[in-house]
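Colleague: how does the following fold in three dimensions:
(chains A and B)
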Amino acid sequence: AAGVIQSPRHLIKEKRETATLKCYPIPRHDTVYWYQQGPGQDPQFLISFYEKMQSDKGSIPDRFSAQQFSDYHSELNMSSLELGDSALYFCASSPLTAWRAEETQYFGPGTRLLVL
Amino acid sequence: DAKTTQPTSMDCAEGRAANLPCNHSTISGNEYVYWYRQIHSQGPQYIIHGLKNNETNEMASLIITEDRKSSTLILPHATLRDTAVYYCIVLLSGSARQLTFGSGTQLTVLP
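Modeller: Next comes the predicted model:
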């Protein structure tokens, strides 16, 4: 079965540089979520999109922005990178359902970002 | 969303059942109990979820108490590959609800 695709899988950047992470949801999934997981920490929600509109916002720094495109893929743009941005970034998607009472999120393999 | 309490760590012998408890005493009537796990540095993986009734799938069983204040995830025959952090998450489902990961339980399956 198709899974969530994230690219790149690994990324090394210098401080103050920018980075763009991409997420391709499972086909027919209309909702995308982004999570950040620092070293030794649990995943933390950043932001989500439903039908290309931002639907929920968590602890996402102002230096980060994201969007969902017409083909439902999403990009997380990170500017003025700091050492503390080094983390695993996961994207998840959830499916269209006739009624939204149950929404299982399916996670991608993550992008490991290292800021030097 | 209701908060959850899980033991920090548990061990289980390979081939035996692993029973992972979760306390969610403040759960409300329309909140679901979800279980995810994360094998080291991989993306979290959905296991199972339920509202009131016990649920079973190919991975695990979920037992929810009648008062819904606690639940137990059961891996019937644990293998070494089940070593992971297991997260119990209570979720008021709606439009694009975020998952709030608590500390979870580190399950170590021993040979």
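
Colleague: drop to CA atoms for contacts and neighbour counts, all remaining ones
Modeller: OK.

Colleague: element containing the spatially most central residue of chain B?
Modeller: A centroid search over chain B (C-alpha atoms, centre = their mean) returns B:Trp35, at 3.4 Å, as the residue closest to the centre. Element membership for B:Trp35, per DSSP states H and E: strand B:32-38.

Colleague: what average pLDDT does that strand get?
Modeller: Along strand B:32-38, the predicted local confidence has a mean pLDDT of 95.

Colleague: can you map out the strands along chain A?
Modeller: Using DSSP state E, the strands of chain A run over residues A:5-7, A:10-13, A:19-24, A:29-37, A:44-50, A:53-57, A:64-68, A:74-78, A:87-95, A:106-107, A:111-115.

Colleague: can you pull out the strands in chain B?
Modeller: Applying DSSP E to chain B gives strands spanning B:9-13, B:18-23, B:32-38, B:45-50, B:55-56, B:61-64, B:70-75, B:84-91, B:105-110.

Colleague: returning to that earlier point: is the residue nearest to the centre of chain B in a bridge, and if so with what?
Modeller: Applying DSSP bridges to B:Trp35 gives these bridge partners: B:Ile48, B:Cys88.

Colleague: correct me if wrong: it contacts B:Tyr46.
Modeller: Yes - applying C-alpha atoms under 8 Å, one finds B:Trp35 in contact with B:Tyr46, separated by 6.4 Å.

Colleague: which of the strands of chain B is buried the deepest?
Modeller: A comparison of these by mean neighbour count, using mean count of other C-alpha atoms under 10 Å in any protein chain shown, puts strand B:84-91 on top with a mean of 25.

Colleague: what does that strand rub up against?
Modeller: By C-alpha atoms under 8 Å, 6 or more residues apart in numbering or on different chains, the list of residues contacting strand B:84-91 from outside reads B:1-4, B:6, B:22, B:24, B:27, B:31-40, B:97, B:99-108.

Colleague: average pLDDT for that strand?
Modeller: For strand B:84-91, the mean pLDDT works out to 95.

Colleague: so for stretch A:56-71, what gets flagged as buried?
Modeller: Neighbour-count burial for stretch A:56-71, counted by 16 or more other C-alpha atoms under 10 Å in any protein chain shown, picks out A:56, A:60, A:64, A:66-68.

Colleague: do the same with stretch A:19-35
Modeller: By neighbour count on 16+ other C-alpha under 10 Å, the buried set for stretch A:19-35 is A:19, A:21-27, A:29-35.
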